[in-house]
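Novice: Requesting a structural model of the entry that follows:
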Amino acid sequence: MEFSPTKKSINYITSAMVLTTSWSDSGIVGSSQINSGVYLFTIKSDNNLEWYCGTLPWNTTSGASTISDEFSEISLVKCGDGGIGSSIFARILRTASGAPKVQLSATSTLPNQTYSFVFRKLLD
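Specialist: Prediction:
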């Protein structure tokens, strides 16, 4: 008997942004692009041959019970050209007044680029 896992949803999202050493909103917020679940996701810029990959736990409910802003960094693995000389970081920010959001930063300023995010749902 052959193992055949259930096909989960795949979401493609793009966001144009300048990355700095400070955290910047990626535009991925709450349930506007992805639903609650656990995702395997990749990040790739249009000017770079380097890919980043990580696991994203996501809960679309508002952080109303969160007393203050809380964040969880997402461990990313990268592979590729690496010609930009900078690394990208990701985190989930939960705020007391709103939905969770994905934020990005870098080890040095990266010019305006379009970042592509691909989400593959692993668990509900």
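
Novice: Show me what the longest strand seen in the chain packs onto, helices and strands only.
Specialist: For the chain, the strand reaching the highest residue count under DSSP state E is reported as strand 110-123. With contacts defined as 3 or more Cβ pairs under 8 Å, 6 or more residues apart in numbering; DSSP states H and E, the secondary structure elements packing on strand 110-123 are strand 10-19, strand 24-29, strand 37-45. Heads up, the C-betas are built off the backbone N, CA and C, glycines and all.

Novice: tell me what the last one is packed against?
Specialist: When you say that, I think you mean strand 37-45. Counting by 3+ Cβ pairs under 8 Å, 6+ apart, the packing neighbours recorded for strand 37-45 are strand 50-58, strand 110-123.

Novice: mind checking which of those is nearest residue 16?
Specialist: If you check each of these against residue 16 by Cβ to Cβ, strand 110-123 wins as the nearest, at 4.8 Å.

Novice: how far out from the middle of the chain is the closest one?
Specialist: Taking Cα atoms, centre = their mean, to the nearest Å, one finds the center of strand 110-123 at 6 Å from the center of the full chain.

Novice: Looking at the residue sitting nearest the centre point of the chain now. What's its pLDDT?
Specialist: Per Cα atoms, centre = their mean, the C-alpha nearest to the average position across the chain is that of residue 102, at 5.2 Å. Here the pLDDT value assigned to residue 102 is 93.

Novice: now the closest residue to it other than its chain neighbours: how far from residue 116?
Specialist: Distances taken as Cβ to Cβ, 6 or more residues apart in numbering put residue 28 closest to residue 102, at 4.1 Å, once the chain neighbours are dropped. Spatial separation of residue 28 from residue 116 under the definition Cβ to Cβ, to the nearest Å is 12 Å.

Novice: So which bits of the longest strand of the chain are buried?
Specialist: Buried positions in strand 110-123, judged by neighbour count with 16 or more other Cβ atoms under 10 Å: 110, 113, 115, 117-119, 121.

Novice: swap in stretch 49-59?
Specialist: Neighbour counts over stretch 49-59 (16+ other Cβ under 10 Å) mark 50-52, 54, 56, 58-59 as buried.

Novice: Which two among these are spaced furthest apart?
Specialist: Within the buried residues of stretch 49-59, two members stand farthest from each other by Cβ to Cβ: 50 and 59, at 29.0 Å.

Novice: No further questions, thank you.
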